[in-house]
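Asker: Give me the fold of what follows.
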Amino acid sequence: MSVSAKNLRRFLCATATIILMVAALNFVVDPLQLFRPARWFPAMYSVDSRMQDAGLIRSQQFDTVLMGTSLAIHFRQSDIDRALGVRSLKLAMTGSNSREQGFVLAAAMERRPKRVVWQMDDWIFRDAPKIDFDVHIPADLYRRNAKGVAGYLFSGAMARESLWILARAIPLSEPIVARLTNGVMFKFSISGIDDINALRPDFDVAGFYNAKSAAAAFRRLTDPARSGSIAEGYIYDAMVRNFERDAVALIENNPHVTFDIYFAPYSILHFVAMRNASPATLTIAYDFTAYAFPRLLQFPNVRLHDFRDVKEITHDLGNYGDVIHHSPAIDLTILAWLAERKYVVDRTKPLASLDRLKAQVEAYKLER
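Answerer: Next up, the predicted model:
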C-alpha cells in the first residue's frame with residue numbers, strides 16, 4: 001500500500017472516530033433531553049423555543065400544555081400550575097403561526113395531556129410555509145425520525161453544548177462556567193425550566209410597560225410610511241383555511257382533551273390603529289372572529305375566553321409595552337380569569353363580546 005493510501009486511510013479512520021465520539025457525547029449528555037430526562041448531568045435549557053420544545057415534550061411530565069405567541073411567552077410554569085391546579089408545560093413560541101403551533105401541539109398530544117391552554121389571535125392564521133420548508137423549526141426532531149436523530153447526534157454545535165454542560169457538572173469549574181454561559185456563545189444557558197423565556201428579576205417592568213411606550217408604538221404603527229404593515233397577513237380566505245387545518249382539525253382529533261382557548265387582551269390602540277390606518281384590515285379581523293367563534297363553540301371540549309373587550313385592562317395603556325404586548329401583571333390576571341372561567345363566551349351568544357369590542361373601538365377617541 002502506498003504512503004498516500006495509508007495516510008488517506010488514517011485520515012478516514014480518524015475522521016470516523018471523531019464523528020462517533022461526537023455522536024456518543026451527544027447521546028450520553030443529551031442536552032435537549034430528547035431521549036431521556038436529565039439525570040447524570042444538570043439540565044440546561046435554551047430560549048429557542050422552536051428547538052427546545054422538542055425536548056421538553058419528551059422529557060417533562062405534564063397534564064396541561066400552554067401554547068401561544070410572544071403574548072404567552074413570559075408565563076412561568078409555576079404560576080400556571082398554582083393558578084390552574086395543573087402540571088403544565090409551556091410551549092409558546094415568539095412570532096409563531098398556526099401551522100407551527102398545530103405541529104408542536106400534535107407532537108405534545110402523543111403524551112396525552114388532559115388540557116390545552118391556547119392563546120390565539122387572528123394574526124397566527126396568516127399563510128406560512130409548510131413545516132418541512134420552515135427554516136425556523138426543526139421538524140424532524142419532533143418526529144424523532146432517522147434524519148432528526150442523526151442530525152442531532154452528529155451535530156458539532158450540539159457537541160459544543162454537551163461539552164459545556166459537562167464542564168458545568170464539575171463542581172470546581174461550575175461557578176466559572178456558569179458566568180460564561182450567557183446565551184450568546186451557548187444556546188443552553190438556562191438552568192431552571194421555570195425561567196425559560198421568563199423575564200429576569202432585574203428587568204425594568206415599569207420602564208418597558210407604560211403608557212408612553214404604548215402611545216409611541218401606536219404612532220409608529222400608524223405613520224403613513226409604515227402603516228402598510230398593519231394589513232400584512234390579513235387575507236380572510238387564507239385565515240379561515242389555516243384555522244380549519246391547524247386549529248379545528250386538532251380539536252376534532254383530540255376529543256378527550258379540553259381546549260381552553262383565549263383571545264388575549266390587546267390594548268384598544270391595536271384596533272384603533274386598524275380603524276384609522278387600515279379599516280379594511282379591521283373588517284377582516286372582525287369577520288374572522290365572526291367565523292371562528294361560532295365554529296369553535298361547536299365543540300363540547302372547547303371553552304372559549306375573549307379578553308379583548310375587558311375595558312379596565314385594554315384601555316389602561318400603562319399595561320402595555322406596545323399596542324399588544326401586556327405586562328407580567330396581566331399574565332397573572334389572565335391565569336386568574338381562566339381559573340375563575342371569567343369572560344367565557346356564551347355558546348348561545350357567540351358574538352356578544354365581538355359586538356362590545358366593536359362599540360369600544362368605534363367610540364374610542366385618542367387623547368391629544
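Asker: Can you pull the poorly scored residue ranges out of the chain?
Answerer: Across the chain, the ranges flagged by pLDDT under 70 are 1, 3, 7-8, 171-185, 368.
Asker: State which helix of it is the longest.
Answerer: helix 3-29 (DSSP state H).
Asker: Just the buried positions in that one, please.
Answerer: If you call a residue buried by 16 or more other Cβ atoms under 10 Å, then helix 3-29 has these buried ones: Val22, Ala23, Leu25, Asn26, Val29. Every C-beta, even on glycine, is put in place using the N, C-alpha and C of the backbone.
Asker: got it, and stretch 144-152?
Answerer: Buried-residue list, stretch 144-152, by 16+ other Cβ under 10 Å: Gly148, Val149, Tyr152.
Asker: out of these, who's nearest Leu297?
Answerer: Taking Cβ to Cβ as the measure, Gly148 is the one of the buried residues of stretch 144-152 closest to Leu297, at 37.1 Å.
Asker: what's that closest one sitting at in phi/psi?
Answerer: phi -70, psi -40 (degrees, to the nearest 10).
Asker: Need the nearest residue in space to it, chain neighbours excluded.
Answerer: Nearest residue to Gly148, sequence neighbours excluded (Cβ to Cβ, 6 or more residues apart in numbering): Asp140, at 3.0 Å.
Asker: And Phe186, by the same measure?
Answerer: Phe186 sits nearest to Trp164 (Cβ to Cβ, 6+ apart), 5.1 Å away.
Asker: I'd say the one you found and Ile170 touch.
Answerer: No - using Cβ atoms under 8 Å as the test, Trp164 is too far from Ile170 to be in contact (11.2 Å).
Asker: Neighbour count for the two, which is higher?
Answerer: When Trp164 and Ile170 are compared on other Cβ atoms under 10 Å, the one with more neighbours turns out to be Trp164, at 21 against 10.
Asker: Where do the strands of the stretch 201-350 of the chain begin and end?
Answerer: 258-263, 302-306 (DSSP state E, counting those that start in this stretch).
Asker: how big is the angle separating the last one from strand 258-263?
Answerer: Just to be clear, that refers to strand 302-306. 20 degrees (axes from the mean of the first three to the mean of the last three Cα atoms, to 10 degrees).
Asker: so what does strand 302-306 touch, helix or strand wise?
Answerer: Applying 3 or more Cβ pairs under 8 Å, 6 or more residues apart in numbering; DSSP states H and E, we find strand 302-306 packed against strand 258-263, helix 279-296, helix 352-363.
Asker: Pull out the buried positions in the last one.
Answerer: I take that to be helix 352-363. Buried-residue list, helix 352-363, by 16+ other Cβ under 10 Å: Ser353, Leu354, Leu357, Lys358, Gln360, Val361.
Asker: Mind putting those into JSON lines with distance to Arg295?
Answerer: Formatted as JSON lines, these follow (distance: Cβ to Cβ, whole Å):
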{"residue": "Ser353", "distance to Arg295": "15"}
{"residue": "Leu354", "distance to Arg295": "13"}
{"residue": "Leu357", "distance to Arg295": "18"}
{"residue": "Lys358", "distance to Arg295": "19"}
{"residue": "Gln360", "distance to Arg295": "24"}
{"residue": "Val361", "distance to Arg295": "23"}
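Asker: Ala206: which of those residues is nearest?
Answerer: Of all the buried residues of helix 352-363, Ala206 sits closest to Gln360, with 26.1 Å by Cβ to Cβ.
Asker: What separation is there between that closest one and Gln101?
Answerer: According to Cβ to Cβ, to the nearest Å, Gln360 stands 28 Å off from Gln101.
Asker: okay, the strands of the stretch 201-350 of the chain in TSV with distance to Asp204 and mean neighbour count next?
Answerer: Conversion of the strands of the stretch 201-350 of the chain to TSV gives the following (distance: least, Cβ to Cβ, whole Å; neighbours: other Cβ atoms under 10 Å):
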stretch	distance to Asp204	mean neighbour count
strand 258-263	27	21
strand 302-306	30	22
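Asker: one step back: touching, the residue nearest to Gly148 and Ile131? I think so.
Answerer: No - using Cβ under 8 Å, Asp140 makes no contact with Ile131, being 9.8 Å away.
Asker: The residue nearest to Phe186 and Ala23, how far apart?
Answerer: 17 Å.
Asker: Now do the same contact list for Ala159.
Answerer: Val22, Leu25, Asn26 (Cβ atoms under 8 Å, 6 or more residues apart in numbering).
Asker: nope, Asn26 is what I was after
Answerer: Contacts of Asn26 by Cβ under 8 Å, 6+ apart are Tyr152, Leu153, Phe154, Ser155, Met158, Ala159, Ser162.
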